[in-house]
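Trainee: prediction below, plus the sequence it came from.
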Amino acid sequence: MITTAGRESAVVEIPAAARVPAVASEAQLRTLLAGLSGVDAVGASARAAKLATRSLKRETKRQALDLAIAMVDLTTLEGADTPGHVAALCAKARQPDPADPSTPPVAAVCVYPDLVAVARERLAGSPVHVAAVATAFPSGRASRRVKLADVADACAAGADEIDMVIDRGAFLAGRLGQVFEEIVAVKEACGPAHLKVILETGELVTLDNVRRASWLAMLAGADFIKTSTGKVAVSATPPVALVMFEAVRDFAESTGQVVGVKLAGGIRHAKDALRYLVLASETAGSTWLDPHTMRFGASSLLNDLLVQRRTQRTGAYSRPENFSVE
Amino acid sequence: MSERLDVRKTYKLVIGGAFVRSESGRSEPVTAADGTFLANVARASRKDVRDAVRAARAAQPGWWGASAYNRGQVLYRWAEMAESRAGELADLLARGAGLAPAPARASVAAGIDRLVWHAGWTDKVTSVLGGANAVAGPYFNFSLPVPVGVVGVVAPCAGSLTGLVDALVAPLVTGNAVVAVVGERLGLAALVLGEMTATADLPAGLVNVLSGRREELGPILAAHEDVDGLDLTGADDPGPLAELASQSITRVLARVAGDEPADALRRLRAFVDTTTVWHTVGA
């Protein structure tokens, strides 16, 4: 869909027959991850910055704005959340712009596990999914028993998607097997629900770590890899997104499994979202330009997308007050 | 010893407290009244209008939230800054608008005096435009002028500095933020007035000055839904712009021809809404 300046999007050959290597031991996992090449951090930043200068115009921009809206995981993760607040968010998710019924609904509403039931009820009959953050979000500092109970709770309440956090302490200390086993256990507890694995890239420090953590999560069975919780200072950044899209592309090429990417935290403007779409298209290919394989975890982003969408359609700049806060 | 190279100034847009080249990268030369080259100025685009409106929207609540006294002090400080650069302004008027040196200096002095005049109005305008209403009940009832919000100004491109000062400053007196499209004979003077806001304690984004073509930027500013008021004094044909503005219920001041204090008062009245407050009379 997004081709710019006469270029074709990157095309990835996704083999049908290949499969995900089974990981039997921590030593084997360590060998697999050690086989990944290092990331050229300067090169990644330069490449991401270069792609950010690409500009989308007219019909392409209109399509990209609609696609970005359809990729939004409309999120509220505050201690002060109420059922009423979540209900309002669900209404907005189903019909983001009531003045224009051609606006697509968002992909999902993302809430804490105790509010899943409210969201489930309010979204009944709509294509919008219910996502829940679980496993002692956002720090992940709880025993595995508690984390699994958290997941089971959210699934029982009707969550279609689970956003889990990895144990960053264990990952940084090199206890990769522990991180891996935990993801496998959570995936099992999810049942049919989709699993998004939050790497919290702001705490992983280096892009090398981002690449390793991405592969670790994918090997363990993640349906999505996600940048951040949005609760630490550094969230999604273009270089991190670049490394993650490279990881899902390489994983798809070698195993045949297409894993999605969710960018979360700090994405507030439509322009940022469009830049990430260009980055995804140029890095991983048009396969990922779909709500099944790419998401934006955000709240205020949606209104900016709606403002820009209306501006594109009417020709006059719109105002934020035209859209409900939630 | 070689001859010293000229240090030539490129006049830039004032958006959000920063001095920026146009987002479009465009610039154009400005010529003096006699046709000789004066300077290169940035030529603003559609997206500069958008950025300026966004900056103005962000700055306006803080400005209106400050005390009226404080707003007067800040505007007076702007006059102080203008006074210390009066020679530069007079030079720009003399060359740009083709005035003789003495009338140019007189025009600058009058403009600065008008700025001081506006500074004095900030804490008085409420008493003049508002009032206590007699109501049938045990209540106090007050009508108070409140700013409309962001005011777009198609600024006068010729005439006196006083007229330009009126157009830029009057909306500020009543608590609004300004996005001004300036150009031609008064364009450089307007950009220099904009530069002074950085050293006059005006919040970043409160006054945004865009040099460019009125016929290009006017319709964009008029149609922008987040602009609450529109001063069309500098527009050649206000009719179509007013019609665009009506789509988003923007208050329009069609044209104020003169630059007498009475004309400035019309501008002060133009960009306020009235809010009414009821309060019970105490025992």
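Mentor: Noted; the coordinates are in hand.
Trainee: quick one: the helices in the chain?
Mentor: Using chain A here. Secondary structure of chain A, counting by DSSP state H: helices at A:26-34, A:41-51, A:58-70, A:83-94, A:116-122, A:144-156, A:168-172, A:176-190, A:207-219, A:238-255, A:270-283, A:300-314.
Trainee: right idea, wrong chain: chain B
Mentor: Under the criterion DSSP H, chain B contains helices at B:46-65, B:68-84, B:86-96, B:101-121, B:125-129, B:161-173, B:187-196, B:214-223, B:238-246, B:261-270.
Trainee: ok, the first one near chain A or not?
Mentor: In this case it means helix B:46-65. Yes. Applying CB under 8 Å from any CB of the partner chain, one finds that helix B:46-65 is in contact with chain A at B:49-50, B:53. All C-beta atoms are positioned from the backbone trio N, CA, C, and that covers glycine.
Trainee: of those residues - the most surrounded one?
Mentor: B:Val49 (28 neighbours; other CB atoms under 10 Å in any protein chain shown).
Trainee: per-residue confidence at that residue?
Mentor: B:Val49 is assigned 96 on the pLDDT scale.
Trainee: ok, now A:Ile2?
Mentor: Confidence score, pLDDT, at A:Ile2: 49.
Trainee: ditto for A:Ala5
Mentor: The model's pLDDT for A:Ala5 equals 44.
Trainee: just B:Glu23 next, same as before
Mentor: pLDDT at B:Glu23 comes out at 89.
Trainee: count of neighbours near the nearest residue to it once chain neighbours are set aside?
Mentor: Excluding the flanking residues, the one nearest B:Glu23 by CB to CB, 6 or more residues apart in numbering or on different chains is B:Lys47, at 4.4 Å. Other residues lying near B:Lys47 total 13 when counted by other CB under 10 Å.
Trainee: turn the helices of chain B into TSV, columns for distance to A:Leu305.
Mentor: Converted to TSV, the helices of chain B look like this (distance: least, CB to CB, whole Å):
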stretch	distance to A:Leu305
helix B:46-65	15
helix B:68-84	36
helix B:86-96	43
helix B:101-121	40
helix B:125-129	40
helix B:161-173	31
helix B:187-196	32
helix B:214-223	20
helix B:238-246	25
helix B:261-270	35
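Trainee: of all those, which one is nearest B:Gly205?
Mentor: helix B:46-65 (3.4 Å; CB to CB).
Trainee: could you give the angle of the closest one to helix A:300-314?
Mentor: 130 degrees (axes from the mean of the first three to the mean of the last three CA atoms, to 10 degrees).
Trainee: and helix B:46-65, what does it pack onto?
Mentor: strand B:13-15, strand B:139-147, strand B:150-154, strand B:177-182, strand B:207-211, helix B:214-223 (3 or more CB pairs under 8 Å, 6 or more residues apart in numbering or on different chains; DSSP states H and E).
Trainee: closest one to A:Phe296 among these?
Mentor: Each of the helices and strands packed on helix B:46-65 has some distance to A:Phe296 by CB to CB; the shortest is strand B:13-15, at 27.8 Å.
Trainee: what is the mean pLDDT for that closest one?
Mentor: Mean predicted lDDT for strand B:13-15 stands at 97.
Trainee: hmm, it touching chain A?
Mentor: No. Judged by CB under 8 Å from any CB, strand B:13-15 and chain A are separated, with a smallest distance of 14.8 Å.
Trainee: sorry, back to before: now, among the residues of helix B:46-65 next to chain A, which is nearest to chain A?
Mentor: Nearest to chain A among these: B:Arg50, at 5.5 Å, using CB to the nearest CB.
Trainee: what parts of chain A come near chain B?
Mentor: Contact residues (CB under 8 Å from any CB) of chain A with chain B: A:315-322.
Trainee: which of these count as buried?
Mentor: With neighbours counted by 16 or more other CB atoms under 10 Å in any protein chain shown, these contain buried members at A:316-319.
Trainee: picking that back up, between the residues of chain A next to chain B, which sits nearest B:Ala102?
Mentor: A:Tyr317 (44.5 Å).
Trainee: hang on, the earlier thing: and the helices of chain B, which is most packed in?
Mentor: Stretch with highest mean neighbour count among these: helix B:161-173 (a mean of 28; mean count of other CB atoms under 10 Å in any protein chain shown).
Trainee: tilt between it and strand B:207-211?
Mentor: Helix B:161-173 runs at 140 degrees relative to strand B:207-211, counting by the same axes, to 10 degrees.
Trainee: what packs against helix B:161-173?
Mentor: helix B:68-84, helix B:101-121, strand B:150-154, strand B:177-182, helix B:187-196, strand B:207-211, strand B:229-231, helix B:261-270.
Trainee: circling back: surely the residue nearest to B:Glu23 meets B:Val20?
Mentor: No. The pair B:Lys47 / B:Val20 is not scored as a contact, 11.1 Å apart, by CB atoms under 8 Å.
Trainee: for chain B, give me its nearest residue in the stretch 51-200 of chain A.
Mentor: For the stretch 51-200 of chain A, CB to the nearest CB, closest residue to chain B: A:Ser55, 10.9 Å.
Trainee: what is the burial count for that residue?
Mentor: As a burial measure, A:Ser55 scores 13 neighbours (other CB under 10 Å).
Trainee: show the pLDDT at it.
Mentor: 88.
Trainee: spatially central, which residue of the chain would that be?
Mentor: Reading this off chain A. Centroid-nearest residue in chain A: A:Lys262, 1.1 Å away (criterion: CA atoms, centre = their mean).
Trainee: meant chain B actually
Mentor: B:Leu168 (1.8 Å).
Trainee: for the nearest residue to that one once chain neighbours are set aside, what are its contacts?
Mentor: Leaving aside its sequence neighbours, B:Leu168 sits nearest to B:Ala180 (CB to CB, 6+ apart; 5.7 Å). Residues counted as contacts of B:Ala180 (CB atoms under 8 Å, 6 or more residues apart in numbering or on different chains) are B:152-155, B:167-168, B:190, B:194, B:207-210.
Trainee: among the helices of chain B, which is nearest B:Leu5?
Mentor: Judging these by CB to CB, what sits closest to B:Leu5 is helix B:86-96, at 20.6 Å.
Trainee: other SSEs contacting the closest one?
Mentor: helix B:101-121, helix B:187-196.
Trainee: one step back: got the helices of chain A as JSON lines, with mean neighbour count and mean pLDDT columns?
Mentor: Below are the helices of chain A laid out as JSON lines (neighbours: other CB atoms under 10 Å in any protein chain shown; pLDDT from 0 to 100):
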{"stretch": "helix A:26-34", "mean neighbour count": "14", "mean pLDDT": "91"}
{"stretch": "helix A:41-51", "mean neighbour count": "15", "mean pLDDT": "95"}
{"stretch": "helix A:58-70", "mean neighbour count": "18", "mean pLDDT": "95"}
{"stretch": "helix A:83-94", "mean neighbour count": "19", "mean pLDDT": "96"}
{"stretch": "helix A:116-122", "mean neighbour count": "21", "mean pLDDT": "96"}
{"stretch": "helix A:144-156", "mean neighbour count": "18", "mean pLDDT": "95"}
{"stretch": "helix A:168-172", "mean neighbour count": "18", "mean pLDDT": "94"}
{"stretch": "helix A:176-190", "mean neighbour count": "20", "mean pLDDT": "95"}
{"stretch": "helix A:207-219", "mean neighbour count": "23", "mean pLDDT": "96"}
{"stretch": "helix A:238-255", "mean neighbour count": "22", "mean pLDDT": "96"}
{"stretch": "helix A:270-283", "mean neighbour count": "23", "mean pLDDT": "96"}
{"stretch": "helix A:300-314", "mean neighbour count": "21", "mean pLDDT": "92"}
